[in-house]
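**Q** Any chance you can model this:
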Amino acid sequence: PTAAGVAAALGITPPRHVDVEHWRAVADSDGAPASPSSDTTGGVTLEPATLHNAAAAAAALSPAERVRAVAAACGVHLPVELTLPAGGGDEGLLRFVRPGTSEHAAVLACLDLGTGAAPFTTSHPVLCVQRVQNRDLWEKFSLRRRDVAKENGGDANEVAWMKHGTRATPPLTICTTGFDHRYCEAGMYGRATYFAYSSHYSNLFRHDLKDGPALRDGSRAAQLVLARVVRGRVDMRTKHDTSLRHPSRGCHTAEGPISAGGHRAVMAYDLHQAYPAYVVTYRVPRSEQAVHAKPLSAVKQAKKKAPPPAAPAPKAP
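**A** Numbers count the residues shown, from 1 in each chain. Predicted coordinates for the structure are as follows:
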């Protein structure tokens with residue numbers, strides 16, 4: 001389901017840039033997502049004017065203090081132990097989403113989609129949500145979406161939003177340059193960018209913010225990316241194929257099982273078939289801090305090094 005559909009089901013009126021149809025209309029006009037500086041129609045949840053005042057007053061602060069000041073101006077109160085990477089907040093690329101708005105509620109609802117009876121945001125409280133505003137990436141994504149729609153009978157089959165963990169790569173890098181599977185090692189379905197339906201599964205691939213001490217409750221901060229993904233015609237797979245380089249002829253993405261627990265993912269093999277829409281920073285409880293998914297290469301290497309099974313003991317005469 002789309003973000004707009006989830007919001008409607010919850011009785012939430014989503015801001016314009018969360019609505020898929022509006023984003024399509026915007027893409028047809030100027031190819032850029034709505035931004036607080038350019039949209040004054042009231043459809044977008046605008047940051048208060050104090051955001052810009054705070055940015056000016058924080059000019060003399062350190063990068064980390066600058067981000068914290070802008071967050072506070074948006075009603076986001078970060079734990080004192082948490083240091084968000086510099087480069088987001090008030091530079092235009094990442095914008096804090098004010099808690100309590102319909103936009104913030106829609107993002108949290110999407111985090112809980114596909115998590116069954118264990119809502120992700122209950123066990124992993126969200127510290128802040130930042131909207132990505134990258135005009136260049138959006139234009140490339142819009143063009144690719146348009147091409148896929150033409151090849152698929154007018155339906156781009158877009159999903160907003162799927163979850164993506166960036167491991168050691170800071171999400172800010174993805175938000176700047178876009179998803180690029182050429183730097184990834186081959187996974188269960190070859191070298192692609194993987195997007196999961198479940199936040200619990202993507203949490204295994206989260207980006208840990210290791211700078212600074214643990215938070216007061218013993219938790220650690222981590223980040224996930226919520227992405228808009230154009231699926232187009234989907235190549236439905238039932239078995240893993242690490243040699244896969246592209247979906248079957250006529251298809252735009254592949255989809256298949258990625259865990260014994262029933263989790264599924266969509267794999268994109270095109271550079272501009274997904275747009276990083278939000279960066280979510282959240283708490284990881286102490287019990288999960290050492291739990292990460294191992295790279296496929298490490299799993300294979302461990303199998304190679306595993307000792308052969310012991311010969312059965314001889315039967316007693």
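
**Q** what mean pLDDT does the strand or helix carrying residue 106 have?
**A** Using DSSP states H and E, residue 106 falls within helix 102-112. Helix 102-112 shows a mean pLDDT of 93.

**Q** How about stretch 132-144?
**A** Throughout stretch 132-144, pLDDT has a mean value of 94.

**Q** try stretch 206-216
**A** Mean predicted lDDT for stretch 206-216 stands at 82.

**Q** what about it, start to end distance?
**A** End-to-end span of stretch 206-216 (C-alpha to C-alpha, to the nearest Å): 21 Å.

**Q** Only the buried residues of that stretch, if you could.
**A** 206-207, 209, 215 (16 or more other C-beta atoms under 10 Å). Using the backbone N, CA and C atoms, a C-beta is placed for each residue, glycine as well.

**Q** So which other helices or strands are in contact with the helix holding residue 106?
**A** On a contact count with 3 or more C-beta pairs under 8 Å, 6 or more residues apart in numbering; DSSP states H and E, helix 102-112 meets helix 3-9, helix 120-123, strand 126-132, strand 158-164, strand 220-230, strand 274-284.

**Q** hang on, residue 112 packs against residue 118?
**A** No - in this structure, residue 112 is not within contact of residue 118 by C-beta atoms under 8 Å, at 9.1 Å.

**Q** just flag whichever of the helices and strands packed on helix 102-112 has the lowest average confidence.
**A** Looking at the helices and strands packed on helix 102-112, the bottom one is helix 3-9 with a mean of 42.

**Q** And the strands in this protein?
**A** Counting by DSSP state E, the chain has these strands, from start to end: 94-96, 126-132, 158-164, 193-196, 207-208, 220-230, 234-236, 253-257, 264-268, 274-284.

**Q** Could you list the paired strands of the fifth one along with their orientation?
**A** According to DSSP bridges, strand 207-208 has the following sheet partners: strand 220-230 (antiparallel).

**Q** Same question for the second one.
**A** Paired strands of strand 126-132, with direction, are strand 94-96 (antiparallel), strand 274-284 (antiparallel) (DSSP bridges).

**Q** which residues of this protein score low on pLDDT?
**A** Within the chain, the segments meeting pLDDT under 70 span 1-60, 87-92, 115, 117, 183, 211-213, 294-317.

**Q** in it, which spans are helices?
**A** Secondary structure of the chain (DSSP state H): helices located at 3-9, 20-29, 50-57, 63-73, 102-112, 120-123, 135-151, 171-177, 199-202, 296-305.

**Q** so residue 110 makes contact with residue 226?
**A** Yes - contact criterion C-beta under 8 Å: residue 110 and residue 226 qualify, at 6.4 Å.

**Q** Tell me how far residue 279 lies from residue 170.
**A** For residue 279, the distance to residue 170 equals 9 Å [C-beta to C-beta, to the nearest Å].

**Q** Overlap of the contact sets of the two?
**A** Counting by C-beta atoms under 8 Å, 6 or more residues apart in numbering, the shared contacts of residue 279 and residue 170 are residue 223.

**Q** I appreciate the help and will end here.
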